[in-house]
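Q: Coordinates only, no sequence provided:
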């Protein structure tokens with residue numbers, strides 16, 4: 001486990017010793033946990049790879065590793081309010097208590113997902129933990145591990 005002590009925009013520096021076996025190949029054994037404004041608060045999603053999606057930390061990691069083929073666990077922090085001009089201001093501000101509690105409640109499920117990823121791989125983890133997302137106007141379910149009805153949130157992430 002590694003927690004970079006850099007700014008998010010320079011996260012890749014902590015992984016500078018890692019390289020895939022072939023250029024732009026997969027990097028097995030790496031799971032990056034990252035905040036995601038494209039997911040509602042109270043949800044997380046595991047991906048075996050994909051684009052940085054505008055996330056500066058993932059851009060830094062991708063540039064350092066020379067690949068975007070590494071697993072990530074995206075943790076929903078919800079979209080920035082419309083009156084926020086700079087996304088960095090939103091991301092660096094303290095989370096409101098209710099949202100912070102919703103993320104804290106995910107910790108046991110996320111720890112279980114990480115363990116599943118380590119022992120069973122990304123595909124099995126995705127099947128077991130990735131859930132459908134309700135439309136924005138509906139409230140999330142009481143238990144974030146219960147699959148709520150609604151549209152799939154997969155299309156807009158990667």
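A: Cool, the structure landed. All figures in this text were calculated on a predicted structure; none of them were measured in a lab. Numbers count the residues shown, from 1 in each chain.

Q: just so I have it, where are all the helices in this structure?
A: 56-65, 87-92, 97-120, 122-129 (DSSP state H).

Q: Please identify which of the ones you listed is closest to residue 7.
A: Residue 7 lies closest to helix 56-65 among the helices of the chain, at 8.8 Å (CB to CB). C-beta coordinates here come from the backbone N, C-alpha and C atoms, glycine included.

Q: What are the contacting residues of the closest one?
A: Residues from elsewhere that reach helix 56-65 (CB atoms under 8 Å, 6 or more residues apart in numbering): 8-13, 15-16, 18-20, 27, 32, 34, 51-52, 68, 70, 72.

Q: Drop anything exposed from the residues you listed.
A: Neighbour-count burial within these applies to 8, 11-12, 15, 18, 20, 27, 32, 34, 52, 68, 70, 72; the criterion is 16 or more other CB atoms under 10 Å.

Q: Now for those residues: which two are most distant?
A: 8 and 20 (22.5 Å).

Q: hang on, the earlier thing: point out the ones among the contacts of helix 56-65 that are inside strands.
A: Among these, DSSP state E puts 32, 34, 72 in strands.

Q: quick one: the last one from residue 93, how far?
A: Between residue 72 and residue 93 the computed distance is 23 Å (CB to CB, to the nearest Å).

Q: And the second one, by the same measure?
A: Going from residue 34 to residue 93 by CB to CB gives 18 Å.

Q: go on, the first one?
A: In this structure, residue 32 and residue 93 are 22 Å apart, going by CB to CB.

Q: and residue 118, what does it touch?
A: Counting by CB under 8 Å, 6+ apart, residue 118 makes contact with residue 31.

Q: Same question for the one 4 residues further on.
A: By CB under 8 Å, 6+ apart, residue 122 lies in contact with 46-48, 71.

Q: sorry, back to before: could you point out which of the ones in strands among the contacts of helix 56-65 is nearest to residue 89?
A: Looking across the ones in strands among the contacts of helix 56-65 and measuring by CB to CB, the closest to residue 89 is residue 34, at 18.4 Å.

Q: Let me know whether that closest one touches residue 70 as I believe.
A: No. In this structure residue 34 lies outside contact range of residue 70 using CB atoms under 8 Å: 11.0 Å.

Q: still on that earlier bit, a markdown table for the helices of the chain, including distance to residue 80 and mean pLDDT?
A: Listed next are the helices of the chain as a markdown table, based on distance: least, CB to CB, whole Å; pLDDT from 0 to 100:
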| stretch | distance to residue 80 | mean pLDDT |
| --- | --- | --- |
| helix 56-65 | 14 | 94 |
| helix 87-92 | 4 | 87 |
| helix 97-120 | 12 | 95 |
| helix 122-129 | 25 | 94 |
